[in-house]
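In: Here is a sequence together with a model predicted from it:
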Amino acid sequence: MQAAVEDETLRFTDVRRRLKAMFIGSIGNLVEWYDFYAYTAFALYFANSFFPGNEPVVQQLNAAIVFAIGFIMRPIGGLLFGLLADHHGRRNALMLSVLLMCFGSLVIATTPTYAAIGVGAPIVLGVARILQGLSLGGEYGASATYLTEVAGERHRGFYVSFHYVTLIGGQLCALLVLLVLQTMFLTPAQMRAWGWRIPFGIGALLAITALMMRRNLHETADFIGAKTPERRESSVMALRRYPRQILIVVGLTAGGTTCFYTYTTYMQKFLKLSVGLTDNQTTVVSAATLVFASLLQPIYGAISDRIGRKPLLIWFGLMGTLFTIPLLRALQATTSVIGAFLLIAAAWMIIAGYTSINAVVKAELFPTNVRATGVGLPYAITTSIFGGPAESIALWFKSIGHEAWFSYYLTLVIAVALLVSLAMRDTRMHSAIGRRE
């Protein structure tokens with residue numbers, strides 16, 4: 001009887017420790033993505049401070065190009081932080097990434113405008129985005145790996161789905177800050193003059209808080225068990241033995257990340273410049289659809305624990321290929337806030353088939369000693385090619401009078417993800433978690 005009580009106590013302690021680690025890891029992820037997304041949420045207000053001219057579309061295009069610069073650095077961040085996480089621990093990588101994000105946000109919050117220092121303003125802005133890109137490139141692989149290794153096998157899809165809950169939550173928090181400033185405290189003129197600096201200052205403070213919380217994270221048992229003194233091979237070199245897994249990450253990410261950034265970062269501009277909603281209406285619709293998207297993630301994650309990961313990936317690929325063009329055309333033609341919300345919500349019911357489980361699927365592909373690098377590096381490279389430039393590509397098509405071409409491009413990359421989903425094995429039943437070389 002005493003042994004049973006002690007066993008139950010140990011089990012409860014382990015579960016509580018596991019949940020605490022997942023909460024801290026997830027909160028840090030939310031803060032990092034808030035800092036990164038504050039840029040695109042407030043771009044409508046600060047673009048004219050850094051880029052001269054009177055054409056809003058051109059200014060937003062310039063701001064989007066700087067946004068994409070951050071993505072160019074993400075592969076380097078994925079490589080550096082992947083190596084750090086695989087060789088020196090997931091915890092150390094997570095702490096350094098949030099520290100770097102803090103510094104990038106602080107730089108943006110204090111950068112003088114174009115009117116004050118000329119061309120130096122967009123240059124400093126670009127440097128700050130480079131730092132944030134490095135940070136976020138490392139955060140994805142390290143946090144996805146950490147959460148997957150901490151979660152139990154039975155409900156892994158459900159728990160790791162909170163990786164994208166916090167990722168979406170970061171953008172939602174940025175939009176909520178925008179909405180509060182827009183409606184309660186500042187006029188549009190004040191927002192354009194100096195109010196846009198506030199969210200970046202908030203982000204820097206939140207990042208410091210996340211850093212202090214991550215100091216108390218425990219290292220995962222998988223990493224500790226795989227760490228041996230005789231292991232000398234770099235995780236990057238070891239990754240060469242997994243070409244099939246790398247191609248799966250690239251193929252899934254190409255469609256998934258382009259779709260994700262279309263309905264998050266670009267959608268705010270689309271609602272304003274193409275649909276014709278007001279600033280407040282754009283923010284409300286964007287925030288409401290992100291809340292809806294966040295609620296979908298754990299539901300789809302739990303479903304994947306029951307029926308497997310592959311059916312959800314096929315759902316995303318098939319429905320996305322069939323309905324992306326009709327959805328975007330209908331959205332452009334709508335004239336109501338409710339209609340815009342319902343159409344974007346319908347799109348999220350498709351996208352969630354990828355977003356809810358993409359972190360756990362990629363982590364389940366690789367053994368422990370190369371997992372962070374295997375998840376982070378190919379993901380970051382693919383995101384820098386497809387996800388980051390999605391907004392710039394869409395705005396460029398609009399600037400040359402062929403906005404509809406973007407919907408064809410988006411459909412094509414989703415179709416690639418569908419082909420990969422059909423060809424791959426279900427990672428829930430063929431998981432590499434717990435396997436090491």
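Out: That came in fine, so what should we check first?

In: Using PDB, write out the CA atom coordinates for stretch 65-85.
Out: This file holds the C-alpha atoms of stretch 65-85, laid out as PDB (Å, rounded to 0.1, in the frame of the first residue of the first chain):
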ATOM      1  CA  ILE A  65      11.100  43.500 -47.700                       C
ATOM      2  CA  VAL A  66      12.800  44.400 -44.400                       C
ATOM      3  CA  PHE A  67      10.500  41.900 -42.700                       C
ATOM      4  CA  ALA A  68      11.700  39.300 -45.200                       C
ATOM      5  CA  ILE A  69      15.300  40.100 -44.300                       C
ATOM      6  CA  GLY A  70      14.700  38.600 -40.900                       C
ATOM      7  CA  PHE A  71      13.800  35.400 -42.600                       C
ATOM      8  CA  ILE A  72      17.000  35.300 -44.600                       C
ATOM      9  CA  MET A  73      18.800  35.100 -41.300                       C
ATOM     10  CA  ARG A  74      16.600  32.300 -39.900                       C
ATOM     11  CA  PRO A  75      18.600  29.500 -41.500                       C
ATOM     12  CA  ILE A  76      21.800  30.800 -39.800                       C
ATOM     13  CA  GLY A  77      19.900  31.000 -36.600                       C
ATOM     14  CA  GLY A  78      18.500  27.400 -37.100                       C
ATOM     15  CA  LEU A  79      22.000  26.200 -37.700                       C
ATOM     16  CA  LEU A  80      23.700  27.900 -34.800                       C
ATOM     17  CA  PHE A  81      21.000  27.300 -32.200                       C
ATOM     18  CA  GLY A  82      20.500  23.700 -33.500                       C
ATOM     19  CA  LEU A  83      24.100  23.000 -32.900                       C
ATOM     20  CA  LEU A  84      23.900  24.600 -29.500                       C
ATOM     21  CA  ALA A  85      20.700  22.600 -28.600                       C
END
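
In: what is the mean pLDDT for it?
Out: Mean per-residue pLDDT for stretch 65-85: 78.

In: That one: which residues count as buried?
Out: Within stretch 65-85, the residues scored as buried using 16 or more other Cβ atoms under 10 Å are 65-85. All C-beta atoms are positioned from the backbone trio N, CA, C, and that covers glycine.

In: and if you look at stretch 267-277?
Out: Using 16+ other Cβ under 10 Å as the test for burial, stretch 267-277 gives 267, 268, 269, 270, 271, 272, 273, 275, 277.

In: with those in mind, which one is nearest to residue 32?
Out: residue 268 (19.6 Å; Cβ to Cβ).

In: burial measure for the closest residue in space to the closest one that isn't next to it in sequence, as a count.
Out: Distance criterion Cβ to Cβ, 6 or more residues apart in numbering; nearest residue to residue 268, sequence neighbours excluded, is residue 286 at 5.1 Å. For residue 286, the neighbour count with other Cβ atoms under 10 Å is 29.

In: give me every residue that touches residue 286.
Out: By Cβ atoms under 8 Å, 6 or more residues apart in numbering, the residues touching residue 286 are 175, 267, 268, 271.

In: how about the residue most central in space within the chain, what does it touch?
Out: By Cα atoms, centre = their mean, the chain has its centre lying nearest to residue 167, at 5.0 Å. Residue 167 is in contact with 29, 30, 33, 355, counting by Cβ under 8 Å, 6+ apart.

In: Just the pLDDT for it.
Out: You'll see residue 167 listed with a pLDDT of 82.

In: now it: how far from residue 35?
Out: 12 Å (Cβ to Cβ, to the nearest Å).

In: and what of residue 317?
Out: Taking Cβ to Cβ, one finds residue 317 at 31 Å from residue 35.

In: the more surrounded of the two?
Out: residue 35 (30 against 26).

In: now the closest residue to that one other than its chain neighbours: how far from residue 124?
Out: Leaving aside its sequence neighbours, residue 35 sits nearest to residue 203 (Cβ to Cβ, 6+ apart; 3.9 Å). With distances taken as Cβ to Cβ, residue 203 is found 17 Å from residue 124.

In: quick one, which of the two is more surrounded?
Out: Between residue 203 and residue 124, counted using other Cβ under 10 Å, the more crowded position is residue 203 (30 against 17).

In: Return the distance of the more buried one relative to residue 266.
Out: 21 Å.

In: So what's the residue count around residue 215?
Out: 10.

In: Need phi/psi at residue 282.
Out: Dihedral pair for residue 282: phi -60, psi -40, per degrees, to the nearest 10.

In: Let me see the contact set for it.
Out: The neighbourhood of residue 282, defined by Cβ under 8 Å, 6+ apart, consists of 268, 271, 272.

In: from these, which single one is nearest residue 192?
Out: Proximity of the contacts of residue 282 to residue 192, judged by Cβ to Cβ, is greatest for residue 272, which lies at 14.5 Å.

In: Distance check, the residue lying closest to the closest one once chain neighbours are set aside against residue 344.
Out: Closest residue to residue 272 apart from its sequence neighbours, by Cβ to Cβ, 6+ apart: residue 282 at 4.8 Å. To residue 344, residue 282 is 12 Å away according to Cβ to Cβ.

In: got it, and residue 151?
Out: Distance from residue 151 to residue 344, by Cβ to Cβ: 30 Å.

In: and what of residue 353?
Out: For residue 353 relative to residue 344 (Cβ to Cβ), the value is 16 Å.

In: More neighbours: which of those two?
Out: residue 353 (27 against 23).

In: mind listing what that one touches?
Out: Per Cβ under 8 Å, 6+ apart, neighbours of residue 353: 300, 312, 313, 314, 315, 316, 317, 319.
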